[in-house]
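Student: Based on what follows, work out the 3D shape:
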Amino acid sequence: MQIEKIDKLREKLMEIYVLFYLCIFPMAMHDKYFDILKFRFQLFWIPTLLFTLVFIIIGIYRMNLVRKLHRTESVKSSSESDHKESAHAVAAKTTWQKIKGKFTEYRAQGKITNTDIWFTLLFLEMGVSTLLAPYKYEALWGSRGRYQGFVLWTMFYAAYILITRFYKYKKWHLTLILIFSLGPCVLGIVQFFTFDPFDFFSHTEPQYRYIYASTIGNINTYSAYTGMMLALSTVTFVLAKDRKTEILSGIIMVVHCFAHIMSISDNTVLSTAALFSILPILTWKSTKQFIKTIFSLAILLFAMIISGMIYQTGMMTMNQYGNSLLISIGCISFAKWILILLLFTIAAILYIRKKGQNINNIISKLRKVWIVMLIVGLITSCGVLIYANIPSNSVVISKLPYALQKILIFNDNWGTGRGLSWRLGFQYYLGDSTLAQKIFGNGLDTYYIIMMDRYKNIMRNEAYGIFDNAHNEYIEYLMTIGADGLILYLLMIVNAVKAGFSKQESPFIAMTTAVFVYLMQASVNIAVPIITPIFIIFLSISSGKRNIKVHSCDSERTPIE
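Tutor: Here you go, the predicted model:
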């Protein structure tokens, strides 16, 4: 009975931990935007360290209780070895065999997953990278970057282990997460209209009003948050089977759409495309889900059109300079015709369904067609990008609209200086770095040091200031933890996403979709402890064991969220 109480205590503690970081953490502020990065870093690593120590103490106490229960069992004596080995060698061999046997047993029972293995190897590789780093203190704390050093990644690994072992999902958790997400999103919408209800922008330069938003900070970081929340609410809405969840998640999805668009970050284009590219693959399995997917896209397009109309009125907003691509698309009259077409499609399907005709087979085929179209689209996009960047084709490309040229032609100015940052990064990696640095990197979050040591004048002459981050997480990891670290990271996230999508329950599919959307926008964004803890927790929940309680009743009426 005492062991059961300990297990319940651990479950309750992890429930508090997860809900704090998914509900309260995004809204936590100390000194407005002035210390938001350092404050969130401390708010994650210190409590996580304390939780880890508490769980270690509880684990040791529980282990002693278990040992007391097994006192009566006789200890098996080891037989003498025929080989001429020392007692220490035999003991070491026996210990290794026991470890190997336990590992094989746990693998067979599903207690150790592929994600566990790759995350553990990644964590060890990061430790080696930190030990070999020229600037060990900076690699340990990430103090010259965005605090994404080895300390934070140690806490990420600890959080992953704790969540995947001790957290048990309950249905009301996702509802609470979605409701609390309205706080940062509604505030972001209010700030879009240049209102500052909490006086966040006092004592700051006026331009910061257009690059910071909500309780998340920089608009790129904010758009990473809204992208994950939009994925969470949209998938929950499409897969919902009970009316209450459907209505609640639908309303929240509308708010998330406006918040995502009004973040005015062009990163939203990539995250939105990622969401609505993968959504049909996950949800086009019934007529109802097909309709709700089309409806979700219609809601997003409606929000884009409304945002475009607001911009065209000349109202003072964060988008007064017209720098949001999604809002620009909403200004095009063709967007209204697409919206009408989507609504007409929904009406037509509802009419056919009312007539009693089953079109599930057609939807299943459309899902396969969509997958083929995505593959063809990706190949075509790569071909277009290659074609656009061949010098001999410059005359043809020059005839395209300037906005399209900015996207297609890769140069130093691409992505507001990202092109220059990436070029310098690869220039260092392929040229100046040693073989050890190519494999293990320079230590976590040391991109700033690499750039300052070599390309300080180039960055300043190009008027982009200082690059303290690659603005591409994958290039960042290649530079800081090397090719070995990047490969292990990719293997970890691929296995985590695969594990999440393999589950049938909608909460896991929704959280995995949020992880997938984050990973797509990460190719043009930066990792900061304002948002990465949320990403890691979603990844941990979705890739963990299937700890979900579902009522056993008729499948047509079973709530799965």
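Student: so how far is residue 163 from the nearest residue to residue 28 once chain neighbours are set aside?
Tutor: Closest residue to residue 28 in three dimensions, ignoring its sequence neighbours and counting by CB to CB, 6 or more residues apart in numbering: residue 43, at 5.8 Å. The way it works is simple: take the backbone N, C-alpha and C, and place the C-beta from them, glycine included. Computed as CB to CB, to the nearest Å, the residue 43 to residue 163 distance reads 17 Å.
Student: And these two? Which one has more around it.
Tutor: In this view residue 43 and residue 163 are compared by other CB atoms under 10 Å, and residue 163 has more residues nearby, 22 against 19.
Student: Now the more buried one: which helix or strand?
Tutor: Per DSSP states H and E, residue 163 falls inside helix 150-166.
Student: pretty sure residue 187 is in contact with residue 197, am I right?
Tutor: Yes: applying CB atoms under 8 Å as the test, residue 187 and residue 197 come out as touching, 7.4 Å apart.
Student: Looking at these two, which is more packed in?
Tutor: Taking residue 187 and residue 197 together and counting by other CB under 10 Å, residue 187 has the greater number of neighbours (22 against 8).
Student: The more buried one: what secondary structure?
Tutor: For residue 187, the assignment made with DSSP: H, G, I helix; E, B strand; the rest coil gives helix.
Student: Skipping its backbone neighbours, what lies nearest it in space?
Tutor: Using CB to CB, 6+ apart, the nearest residue to residue 187 is residue 214, at 4.6 Å.
Student: Have a look at this structure and report the helix or strand with the lowest mean pLDDT.
Tutor: One helix or strand of the chain scores below all others by mean pLDDT, DSSP states H and E: helix 87-109, with a mean of 61.
Student: what's the following helix or strand after that one?
Tutor: Next along the chain after helix 87-109, taking DSSP H and E as the criterion, comes helix 114-132.
Student: Now do the buried residues in that next one.
Tutor: Under the neighbour-count criterion of 16 or more other CB atoms under 10 Å, helix 114-132 has 114-123, 125-126, 128-130, 132 buried.
Student: and if you look at stretch 275-285?
Tutor: If you call a residue buried by 16+ other CB under 10 Å, then stretch 275-285 has these buried ones: 275-280, 282-284.
Student: mind putting those residues in TSV, pLDDT, secondary structure and distance to residue 519 included?
Tutor: Output for those, formatted as TSV (pLDDT from 0 to 100; DSSP: H, G, I helix; E, B strand; the rest coil; distance: CB to CB, whole Å):
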residue	pLDDT	secondary structure	distance to residue 519
275	96	helix	12
276	95	helix	16
277	95	helix	13
278	95	helix	11
279	95	helix	15
280	94	helix	19
282	92	helix	15
283	90	helix	19
284	90	coil	22
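Student: now residue 214: how far from residue 300?
Tutor: Residue 214 sits 19 Å away from residue 300 when distances are taken as CB to CB.
Student: other SSEs contacting the helix holding residue 163?
Tutor: Packing contacts for helix 150-166, counted by 3 or more CB pairs under 8 Å, 6 or more residues apart in numbering; DSSP states H and E, involve helix 2-19, helix 36-69, helix 114-132, helix 136-141, helix 532-543.
Student: could you give the mean pLDDT of that helix?
Tutor: Helix 150-166 comes out with an average pLDDT of 97.
Student: how many other residues sit next to the residue nearest to residue 66 when sequence neighbours are not counted?
Tutor: Distances taken as CB to CB, 6+ apart put residue 3 closest to residue 66, at 7.0 Å, once the chain neighbours are dropped. Burial of residue 3 is recorded as 11 neighbouring residues (other CB under 10 Å).
Student: Would you confirm that residue 3 contacts residue 62?
Tutor: Yes: contact between residue 3 and residue 62 holds when scored by CB under 8 Å: they sit 6.3 Å apart.
Student: Identify each buried residue in the strand or helix carrying residue 477, please.
Tutor: When elements are assigned from DSSP H and E, residue 477 belongs to helix 473-502. For helix 473-502, the buried set under the neighbour-count rule, 16+ other CB under 10 Å, comprises 473, 475-482, 484-489, 491-493, 495-497, 499-501.
Student: Report the inter-axis angle for it versus helix 532-543.
Tutor: With axes from the mean of the first three to the mean of the last three CA atoms, to 10 degrees applied, the angle from helix 473-502 to helix 532-543 works out at 30 degrees.
Student: circling back to that earlier point, now the helices and strands packed on helix 150-166 in a markdown table, with distance to residue 27 and mean pLDDT?
Tutor: Supplementary listing: these in a markdown table, determined by distance: least, CB to CB, whole Å; pLDDT from 0 to 100:
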| stretch | distance to residue 27 | mean pLDDT |
| --- | --- | --- |
| helix 2-19 | 13 | 93 |
| helix 36-69 | 11 | 94 |
| helix 114-132 | 28 | 96 |
| helix 136-141 | 25 | 95 |
| helix 532-543 | 12 | 95 |
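Student: looking at these, which is buried most?
Tutor: Using mean count of other CB atoms under 10 Å, the stretch among these with the largest mean neighbour count is helix 532-543, at a mean of 25.
Student: Counting neighbours, what do you get for residue 531?
Tutor: Summarising burial for residue 531: neighbours were counted as other CB under 10 Å, giving 26.
Student: which stretches of the stretch 151-300 of the chain form helices?
Tutor: In order along the chain, the stretch 151-300 of the chain carries the following helices (DSSP state H, counting those that start in this stretch): 171-192, 219-239, 243-261, 267-283, 287-312.
Student: of all those, which lies closest to residue 511?
Tutor: With distances scored as CB to CB, the stretch of the helices of the stretch 151-300 of the chain nearest to residue 511 is helix 219-239 (6.8 Å).
Student: What is the neighbour count of residue 20?
Tutor: Taking other CB under 10 Å as the neighbour definition, residue 20 ends up with a count of 14.
Student: Find me the pLDDT at it, would you?
Tutor: Per-residue pLDDT puts residue 20 at 98.
Student: for it, what are its contacts?
Tutor: Residue 20 makes contact with residue 47 under the criterion CB atoms under 8 Å, 6 or more residues apart in numbering.
Student: now do residue 70
Tutor: Under the criterion of CB under 8 Å, 6+ apart, residue 70 has no neighbours.
Student: mind checking how far it is from residue 296?
Tutor: Using CB to CB, one gets 54 Å for the distance from residue 70 to residue 296.
Student: How about residue 502?
Tutor: For residue 502, the distance to residue 296 under the criterion CB to CB works out to 23 Å.
Student: got it, and residue 386?
Tutor: 33 Å.
Student: higher neighbour count, those two?
Tutor: Here residue 386 and residue 296 are set side by side on neighbour count (other CB under 10 Å), and the busier one is residue 296, at 25 against 10.
Student: May I ask you to confirm that that one is in contact with residue 238?
Tutor: Yes: with contacts counted by CB under 8 Å, residue 296 reaches residue 238, the gap being 6.2 Å.
Student: tell me, what's touching those two both at once?
Tutor: residue 279.
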